[in-house]
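J.: missing the sequence, but the structure's below:
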């Protein structure tokens, strides 16, 4: 009798599903982080470090003197431009367009930034005063990573929770951008900042006078980025500022903003963020012993992500529901809400970015911050996945008939 064999296509279907669903960008980030750590701790460690940190023979600006700077100050401006486009779209016609819709996500995001910062400061209390500048590292949620973990669960998670997580992460990004602008700008060149504001005014004028082509906006946005780079404000802020001037609707009814967002999101998710992750996630453990891993900084960052995030977001949702201020996500149970709150502790991209800004002159502290970020993000991802896996019911299971006795 012939053996019953599954078609090869069926055998590899689960693997293929990882790369054609919401999980794909998250899986890619996991692979990139693993590759960076392998490269930094292998025979290629010297080449890895030289590739990103050795200075170019010629460079137009001190902040663009190495590939690492070029990625963090240049390429990531495009990432922040996409974030700005998403934020504007959500405010105009999305989940942040009405007070009722944005009430809970905004409150949850604020609590989800304040609690991790509080946990961080509590852990480092009495330690090196230099560590206080890292308070914002555990305050950000990585959209791609968190949505990727949800994607692994398929349709088990209610659609309302997916939307809630996405909205909280977007508001979280707004908060992270404000934190970078306000707290990680040590010196400002007033002349260049004034020129930056003038250029931004030009972009606003282009919007008001109904410029219908994207090319002029892109060209002036590049000029704005160069001016902000010279101003002392982190250059990536130019990306967000420029995005907010992009017209939502044109005379022909088409959306320039949505077209740009549609074209740039794949590049951001599958090229820019992975390149940034590979350049920044490589921790050389040869220089860091067990004592360093258990230092206050890694523990504070990991504690902020794992404990602070879930405490802040979950207690905010619970309090809002009990007080009648806002309703929890429709159709979601409290264990499911807890699981998504835990997933918000995945802080990969934005946390790494803030970690680089927090300790510019302290390489060891940067490495310790990376360890805390990777550890806290991994624990949050695994814990959140397990909670949701065992507290949610697949839609097909809900309607399944009981087996006959």
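T.: Perfect, thanks for sending it. None of the values given here were measured: they were computed from a predicted structure. Numbers count the residues shown, from 1 in each chain.
J.: what about residue 94, neighbour count?
T.: Using other Cβ atoms under 10 Å, residue 94 has 18 neighbouring residues. To be clear about C-beta, it is placed using only N, CA and C from the backbone, and glycine gets the same treatment.
J.: Please read the previous query as pertaining to residue 312.
T.: 28.
J.: got it, and residue 341?
T.: If you count neighbours by other Cβ under 10 Å, residue 341 ends up with 28.
J.: likewise residue 71?
T.: Using other Cβ under 10 Å, residue 71 has 17 other residues around it.
J.: element containing the closest residue to residue 295 other than its chain neighbours, please.
T.: Setting aside the residues directly before and after it, residue 295 is nearest to residue 368 in space (Cβ to Cβ, 6 or more residues apart in numbering), at 5.8 Å. Assigned by DSSP states H and E, residue 368 belongs to helix 363-391.
J.: Likewise for residue 167?
T.: In this assignment (DSSP H and E), residue 167 forms part of helix 159-183.
J.: do the same with residue 265
T.: helix 256-267.
J.: any low-confidence regions in the stretch 251-400 of the chain?
T.: Residue ranges of the stretch 251-400 of the chain with pLDDT under 70: 251-253, 287, 289-290, 393-400.
J.: All the helices of it, in order from the start?
T.: Assigned by DSSP state H, counting those that start in this stretch, the stretch 251-400 of the chain shows helices spanning 256-267, 273-280, 290-293, 296-303, 309-322, 334-343, 348-358, 363-391, 395-398.
J.: Go through the ones you listed and name the closest to residue 234.
T.: Residue 234 lies closest to helix 348-358 among those, at 6.8 Å (Cβ to Cβ).
J.: How far away from the center of its chain is that closest one?
T.: Relative to its parent chain, helix 348-358 has a centroid offset of 10 Å by Cα atoms, centre = their mean, to the nearest Å.
J.: elements contacting that helix?
T.: helix 23-40, helix 143-152, helix 159-183, helix 273-280, helix 363-391 (3 or more Cβ pairs under 8 Å, 6 or more residues apart in numbering; DSSP states H and E).
J.: what about the nearest residue to residue 350 once chain neighbours are set aside, neighbour count?
T.: In this structure, residue 350 finds its nearest non-sequential neighbour in residue 140, 3.4 Å apart by Cβ to Cβ, 6+ apart. Residues within reach of residue 140, counting by other Cβ under 10 Å, total 31.
J.: next one: residue 181
T.: 15.
J.: Contacts only, for it.
T.: Contacts for residue 181 (Cβ atoms under 8 Å, 6 or more residues apart in numbering) come out as 233, 234, 237.
J.: Now tabulate those residues in a markdown table and tack on secondary structure, neighbour count and pLDDT.
T.: Formatted as a markdown table, the contacts of residue 181 follow (DSSP: H, G, I helix; E, B strand; the rest coil; neighbours: other Cβ atoms under 10 Å; pLDDT from 0 to 100):
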| residue | secondary structure | neighbour count | pLDDT |
| --- | --- | --- | --- |
| 233 | coil | 23 | 86 |
| 234 | coil | 22 | 85 |
| 237 | helix | 24 | 90 |
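J.: Between those residues, which sits nearest residue 301?
T.: Taking the contacts of residue 181 together and measuring to residue 301 by Cβ to Cβ, the closest member is residue 234, at 20.1 Å.
J.: mind listing what that closest one touches?
T.: Contacts of residue 234 (Cβ under 8 Å, 6+ apart): 73, 180, 181, 184, 185, 228, 357.
J.: how close does it sit to residue 195?
T.: Distance, residue 234 to residue 195, using Cβ to Cβ, to the nearest Å: 16 Å.
J.: How about residue 188?
T.: Distance of residue 188 to residue 195, given as Cβ to Cβ: 12 Å.
J.: okay, and the common contacts of these two?
T.: residue 231.
J.: So the two - more neighbours on which side?
T.: More crowded of residue 188 and residue 195, by other Cβ under 10 Å: residue 195, with 18 against 11.
J.: residue nearest the centroid of the chain?
T.: residue 142 (2.9 Å; Cα atoms, centre = their mean).
J.: Contact partners for the spatially closest residue to it that is not a sequence neighbour?
T.: In space, and not counting its chain neighbours, residue 142 is closest to residue 348: 4.2 Å by Cβ to Cβ, 6+ apart. By Cβ under 8 Å, 6+ apart, residue 348 lies in contact with 29, 33, 142, 145, 277, 281, 373, 374, 377.
J.: what's the closest non-adjacent residue to residue 202?
T.: residue 220 (5.9 Å).
J.: Which positions within stretch 151-164 qualify as buried?
T.: 151, 152, 153, 156, 157, 158, 161, 162, 163, 164 (16 or more other Cβ atoms under 10 Å).
J.: Next: stretch 377-395.
T.: So stretch 377-395, judged by 16+ other Cβ under 10 Å, has buried residues 377, 378, 379, 380, 381, 383, 384, 385, 387, 388, 391, 392.
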